[in-house]
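K.L.:
Turn this into a model:
(2 chains)
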Protein chains: 2
Amino acid sequence: MCEANAYLVRNGKEELIMEAVDTIEPENGDLRVVNIFGDQKVLKARIKSLSLVNHKVFLEEKE
Amino acid sequence: MCEANAYLVRNGKEELIMEAVDTIEPENGDLRVVNIFGDQKVLKARIKSLSLVNHKVFLEEKE
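P.N.:
The predicted structure follows:
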């Protein structure tokens, strides 16, 4: 499996939002994050950057 | 390795931009896409969505 952990970057700090993320998709201006277990979170954020070999997805808050 | 393929979504079609992508990072308003072989592309785009179990990253053009 090639899932990743999603982090919200805020004030230069990385806050773990969800582990084992499979899909991230825009939804009505927000971002729906879903992991391989079916857990879901909807965040007012955008995808900032990826480091897939390190299994990391970085999100940033949307104003 | 858990790299993915990056696709640019344009007019509803997915165009393969780069295989085996490791990192995607913002750079001066553009997006730098780097694969595990060190190949790089800089695109006027943003990260739209992810489907990591399917090894897919979708980008969209920035106006």
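
K.L.:
Find me whatever residue is spatially closest to residue A:3, sequence neighbours aside.
P.N.:
Residue nearest to residue A:3 in three dimensions, not counting chain neighbours: residue A:20, with 4.4 Å by C-beta to C-beta, 6 or more residues apart in numbering or on different chains. For the C-beta atoms, the positions are set from N, CA and C on the backbone; glycine is no exception.

K.L.:
Quick one: list the elements packing against the helix or strand containing that neighbour.
P.N.:
Residue A:20 is part of strand A:13-27, with elements assigned from DSSP states H and E. Applying 3 or more C-beta pairs under 8 Å, 6 or more residues apart in numbering or on different chains; DSSP states H and E, one finds that strand A:13-27 makes contact with strand A:4-10, strand A:30-35, strand A:40-43, strand A:56-61, strand B:45-51.

K.L.:
Quick check: which of those strands is nearest to residue B:6?
P.N.:
Closest to residue B:6 of the helices and strands packed on strand A:13-27, according to C-beta to C-beta: strand B:45-51, at 9.0 Å.

K.L.:
so what secondary structure elements neighbour the closest one?
P.N.:
Using 3+ C-beta pairs under 8 Å, 6+ apart as the contact criterion, the elements in contact with strand B:45-51 are strand A:13-27, strand A:45-51, strand B:4-10, strand B:30-35, strand B:56-61.

K.L.:
The same query, at a cut-off of 6 Å, please.
P.N.:
Contact here means 3 or more C-beta pairs under 6 Å, 6 or more residues apart in numbering or on different chains; DSSP states H and E; on that basis strand B:45-51 packs against strand A:13-27, strand B:56-61.

K.L.:
what residue ranges in chain A score low on pLDDT?
P.N.:
When residues are selected by pLDDT under 70, those of chain A lie in A:1.

K.L.:
just to revisit the earlier point, what would the helices and strands packed on strand A:13-27 look like in TSV with distance to residue B:25?
P.N.:
Formatted as TSV, the entries for these read as follows, by distance: least, C-beta to C-beta, whole Å:
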stretch	distance to residue B:25
strand A:4-10	12
strand A:30-35	18
strand A:40-43	20
strand A:56-61	9
strand B:45-51	10
